[in-house]
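# Make a model of this:
(one chain, ligands or ions: 2)
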Amino acid sequence: MNPDICRERENATFNTETLTNMLDGSAEKTRRRREIESLVINDPDFQHDDPNFMSRSERYDAAVKKSSQMIMKLRDYGISDPEEIYFYKRTARRTFHEAFGLHYTMFLPTLYSQCTPEQQKKWLPLAENFKALGTYAQTELGHGTHIRKLETTATYDPSTQEFVLNCPTVSSIKWWPGGLGKTSNHAIVLAQLYTLGKCHGLHAFIVPIRCMKTHQPLPGVTVGDIGPKFGFEEVDNGYLKLENVRIPRENMLMKYAQVEPDGSYLKPPSDKLTYGTMVFIRAMIVGESARALSKSCTIAIRYSAVRHQSELRPGEPEPQILDYQAQQYKLFPLLAAAYAFTFVGQYMSDTYHRITGHINQGDFSQLPELHALAAGLKAFTTWTANAGIEVCRMACGGHGYLCCSGLPDIYVTFTPTCTYEGENTVMMLQTARFLVKCYRQAREGQQLSGTVSYLNEQQRLQPQPVSSRPTVVNINDLASLVEAYKLRAAKLVEVAAKSLQGELQRSISQEDAWNNSSIELVRASDAHCHYVVVELFAAKLSEISDTAVHSVLNTLALLYALHGITLNSGDFLQLSQITQRIKALLVEIRPNAVALVDSFDYNDEMLNSVLGRYDGNVYESMFEWAKRSPLNRTEVRSFIIFNIIQKK
Ligand SMILES: CCCCCCCC/C=C\CCCCCCCC(=O)SCCNC(=O)CCNC(=O)[C@H](O)C(C)(C)COP(=O)(O)OP(=O)(O)OC[C@H]1O[C@@H](n2cnc3c(N)ncnc32)[C@H](O)[C@@H]1OP(=O)(O)O
Ligand SMILES: Cc1cc2nc3c(=O)[nH]c(=O)nc-3n(C[C@H](O)[C@H](O)[C@H](O)COP(=O)(O)OP(=O)(O)OC[C@H]3O[C@@H](n4cnc5c(N)ncnc54)[C@H](O)[C@@H]3O)c2cc1C
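Residues are numbered from 1 along each chain as shown. Ligands and ions are numbered 1, 2, ... in the order given. As a prediction, the model looks like this:
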């Protein structure tokens, strides 16, 4: 054992085991988690080669093998509790994703939440036994964010009681779904429902895409892998083109909306229930942010304790790099954020389960708040963690750039969380939509509850606007800092609402007013989420009885809150004039933006990007490029999949 790191542990002021137990929930939960982890760590079947030394195809094959081994072993061990399955899998996966990831995270959860009892009876045994291996096929080449504009259609044919699915254009080809390219034999396809000549918007359908015996694509189905990516190399994110694919009426997920045999349509209680699986994963991603950041901090801080570099005082031995104030300033606020996000992740998971419990009882009243919280906190925590992983990598100097540091893999695996399950800016704007609505309700005298209850105060304090209230902070008192964050959030929600109002007074449309206020709106959401995180961190402290642990977490909570203030000090001053000027400059630059990048004069070969092509033919060239992927040379990539399906 390195003596430096031993000394660090000896000098700690609190018992690490006590804090670990607190993070796990109890000493017993820690024991059980460790027991499950050791099942993987001591299993020779999981001692695979380093994926960094494998080709993409080998990585995919190894991931499929690992996924199928996990299924068998979990069965053998009799592990069925979802949390325990998760502990087992995250230990086996390490930093990477698993080949059947979408089956677990989106296909199964969608079946659980959107099937009727009869549909569950048919599909759950197939899916739970991996006879039906599934994915969630929503995004298309042309649209990921604006899902109302998805182009894939499902047209009901009453004469045969079937839906006919079609991807009528290049831009309507499903693009991105994990496990779609080679692994899945079923997909939950999100498509525009047409019945009796009328479009009823997006609905979910179970579509068989490959033969359950041969794994060959079914008639009318063109399916394949989209090619190498920034990371996620073990996952076969795929494309799917459907041409006159017929599925039985019963394959539409009908828990909420229904199509009768004669084609008549029954509306769901809320048309946003189709989006439920996305809300679930967004809520879960908050905890993933905490894990990616805490892993990165562990690597960077342990390494900083054993790495010696430069001279602090002439003639003395080189210090541990952790002794440099600059190094501490990089890493410790991230460490504080990793703790904060751990607590927020637990809160988000609890809140999701509590509110979906109410939804299952037919009470949809808290759905908007759940959506706003999940969307905002997903964006807030993934942005911070994403940037933080890079800070950790750079804090390790040159060695951080090696794959063996683990940090590049963490980064490339984590960074798409800022994009998938809802692009972060778009998610922040969804939260802003809720906040502005709440602000208006508070102004009308309605009493708000939950995380937005601070907006009630703005009503009580009228006529003095929130923005004119001074921010007086006792920087040593967490409660006072929570108040400062609350006030900042209230201020920025007010600024955003006033910007919208101002734009509307210039008699432009709601939509243009919204677009012209988006900078303020995103800031308002960011401030709201930041307040929620600080508030939850402070609330967690009140539950801790061990004084040494309380003390160290209190220090982290203060650092988190104060560091956040220094990063956003502008919000505590008045910078509105500068913001106005920046906006005017954006408008000025807009007409010249393309010409300005053309002026750099990169030819296509040098740029080497389908997205940055001179001719702008993005979709076609992406499709052409994907077809060249080695994984697409054969329809059935490996017999491993085939065997798994056969064995069930
Ligand atoms: C079992 C174990 C589990 C373990 C878990 C471990 C963790 C896992 C971690 C990692 C592995 C996962 C790997 C995943 C891989 C990635 C998968 C994918 O990426 S799948 C595709 C995702 N695609 C998107 O997210 C599209 C984003 N776009 C949208 O959601 C919509 O288009 C949106 C929200 C941007 C706009 O939707 P509009 O156009 O229908 O809605 P508007 O007109 O803006 O609003 C109408 C009303 O609907 C509400 N609304 C919108 N979305 C809602 C929602 N989801 N729920 C409730 N209300 C919603 C709004 O708040 C608004 O409400 P008002 O009118 O103001 O009252
Ligand atoms: C690794 C990975 C795995 C994925 N897995 C799946 C999967 O399993 N199933 C699936 O269906 N999809 C999947 N996706 C797709 C993913 O969900 C989408 O990429 C994501 O929803 C973002 O949509 P987009 O790509 O259309 O981005 P775009 O919306 O085109 O975003 C581009 C830019 O436009 C901006 N923008 C867009 N709309 C607005 C707006 N209204 N206001 C302001 N700015 C805006 C964004 O902020 C962003 O800066 C995956 C993606 C990745 C990267």
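# and the stretch 201-350 of the chain, which of its residues are near ligand 2?
By C-beta under 6 Å from any ligand atom, the part of the stretch 201-350 of the chain that sits against ligand 2 consists of 232, 237. Where C-beta positions appear, they are placed from N, C-alpha and C, glycine not excepted.
# Quick one: low-confidence residue ranges for the stretch 201-350 of the chain.
Counting by pLDDT under 70, the stretch 201-350 of the chain contains no low-confidence range.
# In it, which residue sits closest to ligand 2?
Taking C-beta to the nearest ligand atom, ligand 2 has its nearest neighbour within the stretch 201-350 of the chain at residue 232, 4.9 Å off.
# How about that residue: what's its closest non-neighbour residue?
residue 97 (6.0 Å; C-beta to C-beta, 6 or more residues apart in numbering).
# doesn't residue 203 fall inside a strand?
Yes: counting by DSSP: H, G, I helix; E, B strand; the rest coil, residue 203 is part of a strand.
# where exactly do the strands run in this structure?
Using DSSP state E, the strands found in the chain span residues 134-137, 153-157, 162-166, 174-175, 186-195, 198-208, 221-225, 238-242, 245-248, 258-259, 265-266.
# Looking at this structure, which residue is nearest ligand 2?
Closest to ligand 2 within the chain is residue 144: 2.4 Å, counting by C-beta to the nearest ligand atom.
# my read: that residue touches residue 176, true?
Yes: at 7.1 Å, residue 144 counts as touching residue 176 under the criterion of C-beta atoms under 8 Å.
# State the phi and psi torsions of residue 270.
Backbone torsions for residue 270, taken as degrees, to the nearest 10, come to phi -140, psi 130.
# circling back: show me the one of the strands of the chain that comes nearest residue 407.
Residue 407 lies closest to strand 221-225 among the strands of the chain, at 26.8 Å (C-beta to C-beta).
# Sort out which residues of the closest one are buried, please.
Neighbour counts over strand 221-225 (16 or more other C-beta atoms under 10 Å) mark 221, 223-225 as buried.
# can you tell me which residues contact the residue nearest to residue 406 when sequence neighbours are not counted?
Nearest non-adjacent residue to residue 406, counting by C-beta to C-beta, 6+ apart: residue 299, 5.8 Å away. Residues near residue 299 by C-beta atoms under 8 Å, 6 or more residues apart in numbering: 392, 396, 405-407.
# what does residue 252 give?
By C-beta under 8 Å, 6+ apart, the residues touching residue 252 are 154, 163, 193, 203-205, 258-259.
# again, only using 7 Å
Residues in contact with residue 252 (C-beta atoms under 7 Å, 6 or more residues apart in numbering) are 163, 203, 205, 259.
# could you flag which of those residues are buried?
Burial by neighbour count, judged by 16+ other C-beta under 10 Å, picks out 163, 203, 205, 259 from those.
# how about TSV for those, with distance to residue 543 added?
TSV is the format used below for these (distance: C-beta to C-beta, whole Å):
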residue	distance to residue 543
163	51
203	43
205	45
259	49
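# now, the most widely separated pair of the residues you listed?
The two members of the buried ones among the contacts of residue 252 with the most space between them (C-beta to C-beta) are 205 and 259, at 10.5 Å.
# follow-up on the earlier one: report how many residues lie close to the residue nearest to residue 232.
Residues near residue 97, counting by other C-beta atoms under 10 Å, number 20.
# Could you check which of residue 144 and residue 176 has the larger neighbour count?
When residue 144 and residue 176 are compared for neighbours, residue 176 comes out ahead with 22 against 17, by other C-beta under 10 Å.
# isn't the residue nearest to residue 232 right up against residue 237?
No: counting by C-beta atoms under 7 Å, residue 97 does not reach residue 237; the two are 10.0 Å apart.
# In terms of pLDDT, where does residue 517 sit?
pLDDT for residue 517: 97.
# Please determine how far it is located from residue 490.
According to C-beta to C-beta, to the nearest Å, residue 517 stands 17 Å off from residue 490.
# Just give me the closest of the buried residues of strand 221-225 to ligand 1.
Within the buried residues of strand 221-225, the smallest distance to ligand 1 is 15.5 Å, found for residue 225 (C-beta to the nearest ligand atom).
# what sits against the closest one?
By C-beta under 7 Å, 6+ apart, the contact list for residue 225 reads 181-182, 236, 238, 629, 631-632.
# now, which of the residues you listed lie close to ligand 1?
On the criterion C-beta under 6 Å from any ligand atom, none of the entries of the contacts of residue 225 sits beside ligand 1.
# Let me know the closest of these to residue 62.
Set against residue 62, the nearest of the contacts of residue 225 by C-beta to C-beta is residue 236 (12.7 Å).
# Give me the distance between the two termini of stretch 630-637.
Terminal residues of stretch 630-637 lie 10 Å apart, using C-alpha to C-alpha, to the nearest Å.
# in that stretch, what counts as buried?
Buried positions in stretch 630-637, judged by neighbour count with 16+ other C-beta under 10 Å: 631-632, 637.
# I'd like those laid out as CSV, including pLDDT.
Formatted as CSV, these follow (pLDDT from 0 to 100):
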residue, pLDDT
631, 82
632, 86
637, 72
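# Looking at these, which one is closest to ligand 1?
Using C-beta to the nearest ligand atom, the buried residues of stretch 630-637 come closest to ligand 1 at residue 631, 18.5 Å.
# Find the nearest non-adjacent residue to that closest one, please.
Nearest non-adjacent residue to residue 631, counting by C-beta to C-beta, 6+ apart: residue 225, 4.1 Å away.
# Hmm, residue 340 and residue 381 touching each other?
No: applying C-beta under 7 Å as the test, residue 381 and residue 340 come out as separate, 8.8 Å apart.
# Contact residues of the stretch 201-350 of the chain facing ligand 1?
By C-beta under 6 Å from any ligand atom, the residues of the stretch 201-350 of the chain that approach ligand 1 are 272, 275, 278-279, 281, 284-285, 288.
# oh, I was asking about the stretch 1-150 of the chain
82, 86, 101, 104-105, 109, 136, 138-139, 144-148.
# Residue 567 and residue 329, how far apart?
Noted for residue 567: a distance of 12 Å to residue 329, by C-beta to C-beta.
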